[in-house]
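In: My questions are about this predicted structure, shown below with the sequence.
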Amino acid sequence: MEVNEAACDKAIEGAFNIADASKKGYITRKDYKIAVTALLGYKPSKFECDRILSEHGSSEVLEDGSAAKIIPMKTFKALMIPKIYQRDSDELIRQIFLALDIQCRGFLTIEEVIQGFHEIIPTMPQHQVKQFFKEIDLDEDGRISYKDFELMMKQRKLLK
């Protein structure tokens, strides 16, 4: 899935600026949580924050005289771009699965997959669709769960 680079940069800068309300040019641990929440819609765990600051933060003496790890805008951008691309890929996989799951049961049947492929790629032979289904349905129960579908999409790198 293509990500608009200009929109991506603007979103990252916007989230950074929300977290860096005093316009210091860097964000602290607390600010990182705010920025990630604003950008990606989830609050990072203590473990994630510690790891990011440990690996990518630089030591700085703050205005109040205390020492802290900080992340400048350039570093924050470099950390967030892969997360945005991953999030978009995951969302696309979800959308494809939901489009194929016509009856909203949380799994796909061979009939739904055949119908979906016929609508999207009408020239694809039905035996190829059945083979595709068989490769994903490893437990041979006639169903493909979302997790199996997601794993197949990622392993086969069907989405870039």
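Out: Nice, thanks for sending it over.

In: And the next helix or strand past the lengthiest strand in the chain?
Out: Within the chain, and with DSSP state E defining each element, the longest strand by residue count is strand 67-72. Toward the C-terminus, strand 67-72 is succeeded by helix 73-100 as the next helix or strand (DSSP states H and E).

In: shaky segments in this structure?
Out: Along the chain, the model assigns pLDDT under 70 to residues 1-3, 156-160.

In: at 80 instead, please
Out: Judged by pLDDT under 80, the chain has its weakly predicted residues at 1-4, 41, 62-63, 86-89, 91-92, 117-124, 138, 153-160.

In: Got the domain ranges for the protein?
Out: Domains of the chain are assigned by automatic domain parsing as 5-81, 101-155.

In: could these go into a markdown table alongside mean neighbour count and distance to Ile93?
Out: Bear in mind the C-beta positions are built from the backbone N, C-alpha and C, glycine included. A markdown table is the format used below for those (neighbours: other CB atoms under 10 Å; distance: least, CB to CB, whole Å):
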| stretch | mean neighbour count | distance to Ile93 |
| --- | --- | --- |
| domain 5-81 | 15 | 17 |
| domain 101-155 | 14 | 5 |
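
In: any chance of those domains in a markdown table, with distance to Ser89 too?
Out: Converted to a markdown table, the domains of the chain look like this (distance: least, CB to CB, whole Å):
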| stretch | distance to Ser89 |
| --- | --- |
| domain 5-81 | 13 |
| domain 101-155 | 8 |
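
In: I'd like to know how far Glu48 sits from Tyr32.
Out: Distance of Glu48 to Tyr32, computed by CB to CB, to the nearest Å: 9 Å.
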